[in-house]
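give the three-dimensional model of this entry:
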Amino acid sequence: MTNYSTLSEISPSEWLSLNQFVQELKEINSKCISVYYPYGKGTDTIQLLRETSRSELLKKIESKIVKPTVEGLQKDNLPYKGFIFIGLIKVGEEPLVIEYNVRMGDPETEVVLPRLKSDILDLFEGIATNTLSERDIQFYDKSAATVMLVSGGYPKAYQKGKQIFGLNTIVDSLCFHAGTKSDGPSSVTSGGRVIAITSYGKNIEFAIKKSYETIDKISFEGMNYRKDIGFDLIK
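This is a model prediction of the structure:
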């Protein structure tokens, strides 16, 4: 029996990202988040991510993916230190690996790091000195949601140099500049992914609501984002 999935199985599935601190060939800490891509949505593109609380899924990811990955590093004598970003999909109830990256993802970083309570420099020092397992890795209990604003036409051809309005009105969300540049006193678009808006909430529903409220204050010509993100997570 071959161990692969067809594209028809994969495309409409839920995408996940697993971000790990790794040192001394040991998996130290993992955060798994849900990712939404524009499947079936044309160029109306955003991504929203959240920490998953589905314990059974995480157990499968741990046993079928994380442990074999770390064991593979050990077997091949690869003394890797840093982040391992594992791109996953969930087909039915089974997690499958799409890709490995030796970095944090974008915009996964914009939703994981704001929830990190510990000092990240202390954690980096722990990785470098093989003492990460002795450090206290803590995350805030509150949820976070990140929405990516993109240029019109993205991910295909898109225009640049469009002035961005409303950035000075943002007070309760984090605004991560991805594809922008300064033009005198103004900010203008300079890439496909323009701005990532991250908001906190006591739960995912409030975090999503706050991100969309903040987006309502921002505008630029051709601005796109999906408007249905996260509602399948709200019960």
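
how far away is Glu213 from Gly201?
11 Å (Cβ to Cβ, to the nearest Å). For the C-beta atoms, the positions are set from N, CA and C on the backbone; glycine is no exception.

quick one, which of those two is more surrounded?
Using other Cβ atoms under 10 Å as the criterion, Glu213 and Gly201 rank with Gly201 on top: 16 against 13.

enumerate every residue touching the closest residue in space to that one that isn't next to it in sequence.
In this structure, Gly201 finds its nearest non-sequential neighbour in Ala207, 3.3 Å apart by Cβ to Cβ, 6 or more residues apart in numbering. Shown in contact with Ala207 (Cβ atoms under 8 Å, 6 or more residues apart in numbering): Arg50, Lys142, Ser143, Ala144, Ala145, Ser199, Tyr200, Gly201.

domain assignment for this protein?
Domain ranges of the chain: 11-134, 143-230, per automatic domain parsing.

contacts for the host helix or strand of Thr198?
Counting by DSSP states H and E, the element that carries Thr198 is strand 193-201. Outside strand 193-201, the residues that touch it by Cβ under 8 Å, 6+ apart are 106-107, 110-111, 114, 140, 142-151, 154, 164, 170, 172-180, 207-211, 214-215, 218, 220, 223.

how close does the residue lying closest to Asn203 once chain neighbours are set aside sit to Glu110?
Take Asn203 and drop its neighbours on the chain: the residue closest to it by Cβ to Cβ, 6+ apart is Ser143, 5.4 Å away. In this view, Ser143 and Glu110 are 14 Å apart by Cβ to Cβ.

repeat that for Val66.
Using Cβ to Cβ, Val66 is found at 23 Å from Glu110.

which of the two has more residues huddled nearby?
More crowded of Val66 and Glu110, by other Cβ under 10 Å: Glu110, with 23 against 20.

which helices and strands sit right next to the helix or strand where that one lies?
Taking DSSP H and E as the criterion, Glu110 maps to helix 108-112. Contacts defined by 3 or more Cβ pairs under 8 Å, 6 or more residues apart in numbering; DSSP states H and E place helix 108-112 against strand 14-23, strand 26-35, strand 143-150, strand 193-201.

let's see 6 Å
Helix 108-112 sits against strand 143-150, strand 193-201, with contacts defined as 3 or more Cβ pairs under 6 Å, 6 or more residues apart in numbering; DSSP states H and E.

just say which of the ones you listed is most tucked in.
Ranked by mean neighbour count, those are led by strand 143-150 with a mean of 26 (mean count of other Cβ atoms under 10 Å).

so for stretch 215-224, what gets flagged as buried?
Ile215, Ile218, Phe220, Met223, Asn224 (16 or more other Cβ atoms under 10 Å).

list just the nearest of these to Asn77.
Asn224 (46.4 Å; Cβ to Cβ).

which residues does the closest one bridge with?
Beta-bridge partners for Asn224, by DSSP bridges, are Val150.
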